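**Q** Quick one: sequence plus predicted model below, questions after.
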Amino acid sequence: MTKTDTSFLTDERLEAAAGWHARLSGDSVTEADWHAFTDWLEADDANSLAYEHVERLALMVESGADTVAANVTDTDDDADNDADTGTVINAGWRWSRPKAWIGAAAALAAMLLLIIGTSFTGPFFGPDTQYYQTGLGETRLVTLEDGSTVQLNTNTKISVAFTGDVRQTALAYGEALFSVTKNPDRPFRVDLGSKSVQVVGTQFNILRYDSQLVVTVAEGLVDVAPTHVIEEEALSAERERLGVGDQLTAYEKSSETHVQTVDARQVTAWLHGYLEYEDAALYLVARDLSRYLGEPIAVTSGAREISFSGILNMGDRETVLTTLEKLLPVTIKQTDGAILIGRRE
């Protein structure tokens, strides 16, 4: 899908995405819900894109009609001003009536899509916000005004706005390695939706994909906390400090986090064009490959937990798939627009 391709944003897909957003934002969400949601995302790459679209719309809803109007004006000066931005839904009403929100969110998504199309660029910090992104299979090195650098992996988008006392960035989706120039008087923040990362000067890798957040520290110290805690600079038990080799994993809209020790060098192997694994479950490898190949990859229940250790060179699609088939007891079938990995009989 290209930047201008909006065919995946069908009413049916948007309504399903809005339904998942409401369900996962509720107080009664369960682990089974998260597994079912992951299955829905992995069934089609377009589902993930539609969910990201609805999530951005939800953030605009929570920000109020003025934010919606500002973004519409900034992205399409020729839009029909008669479009009633007053139809933006009050956040409190949304949570109290989730079924109504499903249909309303789909309608809102369709309305905003019609007005602003694909020019809506994600996190918006002000008129000086800059956006950088990569397409499928691309990487890009971005040097920021303070000397910090951000290496973007495949299919990644960030926004940057250095104003006031804070160096503000946001990772809309994808993966990036941040190398931050030290400045104790001006913290560096990365917005990840419900959570944020803050540092003074360090190097860390962030993956934001399928509503999962993975933060890995290569140098220095990193604080991860709910966005409101970071913005208010509050001392909170929810603020987690990570050191070198620490990796935090969390799901958006969930308060639960998991921290483990990893080899940061393996995590950032993508900088050199390959992916490195040690005893990784096959379904996790398949999820990574979906990001790189741009195709849904399904793993049968009998093959999900097969362990893989090794290096995959991402330079050639067929070589990657052939390597997996040679090294593991699996068969790989390619159908129209999808790849199925099953256990070899």
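**A** That came in fine, so what should we check first?
**Q** What is the neighbour count of T335?
**A** 10 (other Cβ atoms under 10 Å). Every residue, glycine included, has its C-beta placed from N, CA and C.
**Q** what do you get for Q334?
**A** Using other Cβ under 10 Å, Q334 is surrounded by 11 other residues.
**Q** Enumerate the beta-bridge partners assigned to it.
**A** Following DSSP bridges, Q334 is listed with bridge partners I339.
**Q** Kindly report the same for V330.
**A** Beta-bridge partners of V330, as defined by DSSP bridges: R343.
**Q** was I right about it contacting I341?
**A** Yes: judged on Cβ atoms under 8 Å, V330 makes contact with I341 at a distance of 5.4 Å.
**Q** what do those two both touch?
**A** L282, A303, L324 (Cβ atoms under 8 Å, 6 or more residues apart in numbering).
**Q** who touches the last one in this structure?
**A** Neighbouring residues of L324 by Cβ under 8 Å, 6+ apart: V285, F308, L312, V330, I332, I341.
**Q** With the second one instead?
**A** For A303, the contacting residues are L282, V330, I341, G342, R343, by Cβ under 8 Å, 6+ apart.
**Q** what kind of secondary structure is it in?
**A** Assigned with DSSP: H, G, I helix; E, B strand; the rest coil, A303 falls in the coil class.
**Q** repeat for E325
**A** Here E325 is recorded as helix under three-state DSSP.
**Q** and the gap between the closest residue to it other than its chain neighbours and F162?
**A** Nearest non-adjacent residue to E325, counting by Cβ to Cβ, 6 or more residues apart in numbering: I332, 5.3 Å away. For I332, the distance to F162 equals 46 Å [Cβ to Cβ, to the nearest Å].
**Q** How about Y132?
**A** To F162, Y132 is 14 Å away according to Cβ to Cβ.
**Q** Quick check: which ranges of the stretch 151-300 of the chain have low pLDDT?
**A** 234-236 (pLDDT under 70).
**Q** what about 50?
**A** Within the stretch 151-300 of the chain, no stretch has pLDDT under 50.
**Q** Now do the strands in it.
**A** Under the criterion DSSP state E, counting those that start in this stretch, the stretch 151-300 of the chain contains strands at 157-163, 166-179, 188-191, 195-199, 203-209, 212-219, 222-226, 240-242, 246-251, 257-261, 274-281, 297-299.
**Q** what about the ones you listed, which gets the closest to H21?
**A** strand 246-251 (12.9 Å; Cβ to Cβ).
**Q** Relative to the whole chain's centre, how far out is the closest one?
**A** Relative to the chain's own centre, strand 246-251 is displaced by 13 Å; criterion: Cα atoms, centre = their mean, to the nearest Å.
**Q** List the buried residues of it.
**A** Across strand 246-251, burial judged by 16 or more other Cβ atoms under 10 Å covers D246, Q247, L248, A250, Y251.
**Q** How about stretch 213-227?
**A** Residues 213-218, 220-226 are the ones in stretch 213-227 that count as buried (16+ other Cβ under 10 Å).
**Q** can those go into JSON lines with extra columns for distance to R241?
**A** Output for the buried residues of stretch 213-227, formatted as JSON lines (distance: Cβ to Cβ, whole Å):
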{"residue": "L213", "distance to R241": "16"}
{"residue": "V214", "distance to R241": "17"}
{"residue": "V215", "distance to R241": "11"}
{"residue": "T216", "distance to R241": "14"}
{"residue": "V217", "distance to R241": "10"}
{"residue": "A218", "distance to R241": "15"}
{"residue": "G220", "distance to R241": "11"}
{"residue": "L221", "distance to R241": "6"}
{"residue": "V222", "distance to R241": "7"}
{"residue": "D223", "distance to R241": "6"}
{"residue": "V224", "distance to R241": "8"}
{"residue": "A225", "distance to R241": "9"}
{"residue": "P226", "distance to R241": "14"}
